[in-house]
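S.K.: When you get a sec, could you give me coordinates for this:
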Amino acid sequence: MGLKEEFSNKIQEKELSIQKLESDITNIKQGNVRAECDCDLITSNIEELMKKVFVLEDDGNDIKIDLARHLQLIAHAEEDINVLRTNDTALHQEDQSLQEMDATLQEEDQALHAIDASLQVKSMKSSICGYTYRWETDGVIKYDGSNGHAGTVYTEVNEVGSVLDGSTGIYTAGADGVYEVTGSGECASNSVERLDLHVAVTTLDGLGDWSNWFMTSSSHEQCGATRFVNMKKGDTIQLSFSRNGSTAEWHMIWHLYWCITLY
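M.R.: Numbers count the residues shown, from 1 in each chain. Sure, this is the predicted structure:
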């Protein structure tokens, strides 16, 4: 039972008591009592009853005042509850907004990390060279001295994990980027056929494979070439020598330097 209902019940009880007393008084006044009743006693009873009526009326008024005051307090409490509910809704919405902002900041942070990682990779450098004292046979040029002439692979800088395998002559890119490929040496030929050096790129997906002239010569001269090649991490590149069918003794390249550089 609520406070409001409790006060209403009390008021009804008081009003019933007042009505009963008023009825008793009326009956007494109308002579509905036995004749042998003592008039003084009746008068006294009437006075006592009137006092009780006044007391009950005062109590009823006090109860009504208390009820009004409590109803006012209840109204204020309901207003406070509504304010709290409104504040709770606002806080919930603000919390959702903060969570969305946090998610956005996390996405931006991840994007910044990705950009930073990409910039770090792009700022990394690699420069690896292969050298052979002399090469004169068809096929991929190697840099390990396996043809009986001095050969070596040396690394100027390698921050991306690129590899030039001297035993196979194959260079593997350690990162995505545009690589500078340079070659230089002394081309020697006393044949009508020219000697050619080709570069060939093999991509991981096989879609970007290609082979093309790199250097060519038909005389005894200093020779060299430079080109830029776009490679992905894991793509390979190699340099091949071709005699073009010549059987001449002097048909070769001396002191070949082949370098692949990522800036």
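S.K.: And the helix or strand containing I65, how far out from the chain middle?
M.R.: Per DSSP states H and E, I65 falls inside helix 39-123. Relative to the centre of its chain, helix 39-123 is centred 38 Å away, using CA atoms, centre = their mean, to the nearest Å.
S.K.: Which pLDDT value goes with the most centrally placed residue in the chain?
M.R.: Nearest to the mean C-alpha position of the chain, counting by CA atoms, centre = their mean, stands E107 at 3.2 Å. Per-residue confidence (pLDDT) for E107: 87.
S.K.: Distance-wise, check it relative to E100.
M.R.: Per CB to CB, to the nearest Å, E107 is found 11 Å from E100. Every C-beta, even on glycine, is put in place using the N, C-alpha and C of the backbone.
S.K.: And D235, how far from G206?
M.R.: For D235, the distance to G206 - CB to CB - is 10 Å.
S.K.: Compare these two (neighbour count), which wins?
M.R.: Remark: of D235 and G206, D235 carries more neighbours, 20 against 7, as counted by other CB atoms under 10 Å.
S.K.: wait, doesn't that one sit right on D205?
M.R.: No. Between D235 and D205 there is no contact under CB atoms under 8 Å: 9.3 Å.
S.K.: List phi and psi for the closest residue to G224 other than its chain neighbours.
M.R.: Distances taken as CB to CB, 6 or more residues apart in numbering put S184 closest to G224, at 3.7 Å, once the chain neighbours are dropped. The phi and psi torsions at S184 (degrees, to the nearest 10) take the values phi -150, psi 150.
S.K.: With S162 instead?
M.R.: Here S162 shows phi and psi, under degrees, to the nearest 10, equal to phi -70, psi 160.
S.K.: Could you check the pLDDT of it?
M.R.: Reading off the model, S162 has pLDDT 96.
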